[in-house]
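**Student:** curious how this folds, go ahead:
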Amino acid sequence: MQLDRGQIRQRQSLPLLLKESITAMRIRQWYDHWCGNVYVSFSGGKDSTVLLHQVRKLYPNIPAVFCDTGLEYPEIREFVKTINNVVWLRPKFNFKEVIEKYGYPIISKEQAQYIREVQRGTTQFMEDKRRDKILGRNGKSCGAVSKKWQYLMDQHEIKISEQCCNILKKRPIHVYEKQTEQKSYVGSMACDSTLRSQSISLYGCNAFALKHPQSRPLSMWLEHDIWDYIKKYNVPYSKIYDMGYTRTGCMFCMFGVHMEDEPNRFQMMELTHPSQHDYCINALGCGRVMELIKVPYKI
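**Tutor:** Okay, the predicted model is just below:
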């Protein structure tokens, strides 16, 4: 069922108790449709922690699947180890290999993709053709690089790409799903990003029509709902949040960091995880990338 923005906002405004009830209904629908051959995609973050708690209230034996990319905060990994029945997956490549081959994840997935398409022109003709498409000079608006970031298209010494998430997270998950034929519950919420809101609007909470079907039973929840639920049921969570972090994705991911107030996540990392900060900024070269987009990374 497709939902417009007004319908999404209306459902986001519902009280937590009603959201819990709707979420439980979506969980049951997904479980029944796939005859119980399902799993919870578990990152160790607060959203997937709440999702796992809700799913296992109904179906205690459902496995959780954690993709260990090597980029998780140590506190996240330690928390995941405390959860029972977790399948650990690992990608074939590490972050260093991915950025060397494909490029650095900066700005956003959409902008990084558009910039990559220009940078990867195999001939001058193909580069010009892709540049025309990205800038809309071919009369077709297939996606555009924001004027603010168009200078990055000519930075051939620093490759930019959105591919890290596909290679480090999605590929191992897809292999697991192919081997087990299990379908996932994921902790995505419409408030997370424009892309997720659009997907939920088009495909609904239980997205049967996706190439890789997935249930997103927390779709209409908001950030405060997650914390209210954790407090209500005294749900254990990773101590990384008590250290001041609000996001717990990949430590070295630069998507969206340009929009953060100071101290941003990399400045915080310098204080809380100095060895990882040094490796990221210097060994991986993320410092020069953030200098390029004028984002501070030291206190």
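**Student:** who's in contact with the nearest residue to residue 252 once chain neighbours are set aside?
**Tutor:** Of all residues not flanking residue 252 in the chain, residue 280 sits nearest, at 4.7 Å (Cβ to Cβ, 6 or more residues apart in numbering). Where C-beta positions appear, they are placed from N, C-alpha and C, glycine not excepted. Listed by Cβ atoms under 8 Å, 6 or more residues apart in numbering, the contact set of residue 280 reads 251, 252, 266, 269, 286, 287.
**Student:** isn't the fifth one right up against residue 257?
**Tutor:** Spelled out, that is residue 286. No: with contact defined as Cβ atoms under 8 Å, residue 286 does not reach residue 257; the gap is 9.8 Å.
**Student:** roughly how far is stretch 31-49 from the heart of the chain?
**Tutor:** 16 Å (Cα atoms, centre = their mean, to the nearest Å).
**Student:** one more: stretch 54-65?
**Tutor:** 21 Å.
**Student:** with stretch 176-191 instead?
**Tutor:** 13 Å.
**Student:** which residue is nearest the centroid of the chain?
**Tutor:** Centroid-nearest residue in the chain: residue 249, 6.8 Å away (criterion: Cα atoms, centre = their mean).
**Student:** so that one, which of the three states?
**Tutor:** coil (DSSP: H, G, I helix; E, B strand; the rest coil).
**Student:** residue 45 is in contact with that one, correct?
**Tutor:** Yes: using Cβ under 8 Å, residue 249 is in contact with residue 45, at 7.5 Å.
**Student:** what residue ranges in the stretch 51-200 of the chain score low on pLDDT?
**Tutor:** 121-131, 133-143 (pLDDT under 70).
**Student:** redo that, cut-off 80
**Tutor:** Along the stretch 51-200 of the chain, the model assigns pLDDT under 80 to residues 119-144, 156, 193-196.
**Student:** and the helices in it?
**Tutor:** Residue ranges of the helices in the stretch 51-200 of the chain, as given by DSSP state H, counting those that start in this stretch, are 74-80, 95-101, 109-119, 124-135, 163-165, 171-180, 194-203.
**Student:** of all those, which one is nearest residue 242?
**Tutor:** helix 74-80 (9.0 Å; Cβ to Cβ).
**Student:** give me the contacts around that closest one.
**Tutor:** By Cβ under 8 Å, 6+ apart, helix 74-80 touches 42-45, 66, 68, 86, 88, 236-240, 243, 248, 273.
**Student:** what of stretch 215-234?
**Tutor:** Contacts of stretch 215-234 (Cβ under 8 Å, 6+ apart): 8, 11-12, 14, 16, 19-20, 22-24, 26-27, 29-30, 38, 46-47, 49-51, 53-54, 183-191, 200, 204-207, 235, 237.
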